[in-house]
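pasted the sequence and its predicted model underneath.
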Amino acid sequence: MKVRRTYLFVLSLAVAGMVLASVSAAGQAPAFTFTQLDVPGSASTEADGVNAQGDIIGFFVDAAGKQHGFLHQHASFTQLDFPGATATRTVAINDAGVIAGSFTDAAGASHGLVGRPGAFTRFDFPGSTSTLGLSINDHGEIAGSFNDAAGQTHGFVKAGKTFTQVDFPGGHNTIAFGINNLDEVVGVFTNAAGVSHAFTRIRGIFTQLDPPGAANSVAFGVNVLGFIVGSFTDAAGAGHGFF
């Protein structure tokens with residue numbers, strides 16, 4: 001069997017302020033430095049999050065096909081596994097070094113995880129059949145999704161031990177992908193026609209978010225300035241990122 005290797009890169013902007021200023025002034029492209037990341041011995045590696053200290057979180061698949069989390073810190077990799085899990089997927093890290101993600105148990109059910117390497121705690125949305133942690137802010141609040149007993153997907157925000165369900169009004173299958181330090185949430189929902197749309201929830205108000213010309217869209221992240229990133233598909237079926 002051929003193994004497909006996925007190459008992930010760390011992207012850093014050299015002298016950010018000066019470069020951005022020169023881009024604005026002269027319209028020139030910024031200079032970037034790329035570093036390839038591969039967990040040693042992995043078949044594929046995916047980097048999903050980075051904090052202000054440069055700690056990188058993600059997951060990889062080993063040569064036997066098993067999925068593990070990883071933390072890249074001080075130029076070295078640490079493998080992350082929830083105890084007893086058949087698969088671990090770590091996808092977010094905040095500036096305090098707290099990690100969020102999910103794992104799969106021996107019965108095939110998914111559960112959220114949060115904590116530091118070697119000290120992960122399981123969490124589940126009450127009454128759910130599966131739970132995924134997808135983002136964490138610097139207050140330790142987690143955004144993600146869960147499936148209910150009827151098989152419907154809902155978003156959630158977890159603050160301490162308190163869960164808040166997140167559903168776009170009139171939509172279904174809502175997923176909360178990102179949360180910033182102002183508790184602003186972004187994600188995706190499906191409308192009655194089965195079309196996916198990005199959304200924001202700011203101060204409790206939901207807004208559908210579609211880039212011009214989008215046939216469908218999804219928002220993955222939001223920072224404290226309110227800048228949102230995601231992807232969309234145009235009418236011709238081509239995929240694009242958006243900012």
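Yep, it's here.

how many neighbours does N191 have?
Number of residues near N191 (other Cβ atoms under 10 Å) recorded here: 15. Every residue, glycine included, has its C-beta placed from N, CA and C.

likewise for A43?
Neighbours of A43 using other Cβ under 10 Å come to 17.

I figured G187 hits T174, correct?
Yes: between G187 and T174 a contact is recorded at 6.4 Å, counting by Cβ atoms under 8 Å.

joint contacts of the two?
Common contacts of G187 and T174, defined by Cβ atoms under 8 Å, 6 or more residues apart in numbering, comprise G155, V166, F199.

find the nearest non-adjacent residue to A235, please.
Spatial nearest neighbour of A235, excluding adjacent residues (Cβ to Cβ, 6 or more residues apart in numbering): A215 at 5.4 Å.

helices along the chain, start to end?
Assigned helices in the chain, in chain order: 16-26 (criterion: DSSP state H).

where does pLDDT dip in the protein?
Residue ranges of the chain with pLDDT under 70: 1-27.

beta partners for the residue nearest to G171 when sequence neighbours are not counted?
Setting aside the residues directly before and after it, G171 is nearest to F189 in space (Cβ to Cβ, 6+ apart), at 3.7 Å. Per DSSP bridges, the residues bridged to F189 are H197.

so F189 touches T200, yeah?
No: contact criterion Cβ under 8 Å: F189 and T200 do not qualify, at 11.2 Å.

look at A215 and say how many residues are nearby.
Counted with other Cβ under 10 Å, the neighbours of A215 add up to 14.

tell me the contacts of it?
Contact partners of A215, counting by Cβ under 8 Å, 6+ apart, are V195, F232, T233, D234, A235, G237.

make TSV out of those residues and add neighbour count and distance to S102.
Supplementary listing: those in TSV, determined by neighbours: other Cβ atoms under 10 Å; distance: Cβ to Cβ, whole Å:
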residue	neighbour count	distance to S102
V195	14	26
F232	23	25
T233	16	26
D234	14	31
A235	8	34
G237	7	30
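
tell me which of the residues you listed is nearest to A96?
Nearest to A96, judged by Cβ to Cβ, of the contacts of A215 is F232 at 32.6 Å.

what distance do you get for that closest one to G239?
7 Å (Cβ to Cβ, to the nearest Å).

nearest the geometric middle of the protein, what residue?
L134 (4.7 Å; Cα atoms, centre = their mean).

that residue and A92 touch, don't they?
Yes: applying Cβ under 8 Å as the test, L134 and A92 come out as touching, 6.7 Å apart.

now for those two: what residues contact both?
Residues within reach of L134 and of A92 at once, by Cβ under 8 Å, 6+ apart, are A100, I142.

picking up where we left off before, so which of the shared contacts of G187 and T174 sit within strands?
Judged by DSSP state E, those include G155, V166, F199 as members of strands.

make JSON lines out of those residues and add distance to T88.
Output for these, formatted as JSON lines (distance: Cβ to Cβ, whole Å):
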{"residue": "G155", "distance to T88": "22"}
{"residue": "V166", "distance to T88": "24"}
{"residue": "F199", "distance to T88": "29"}
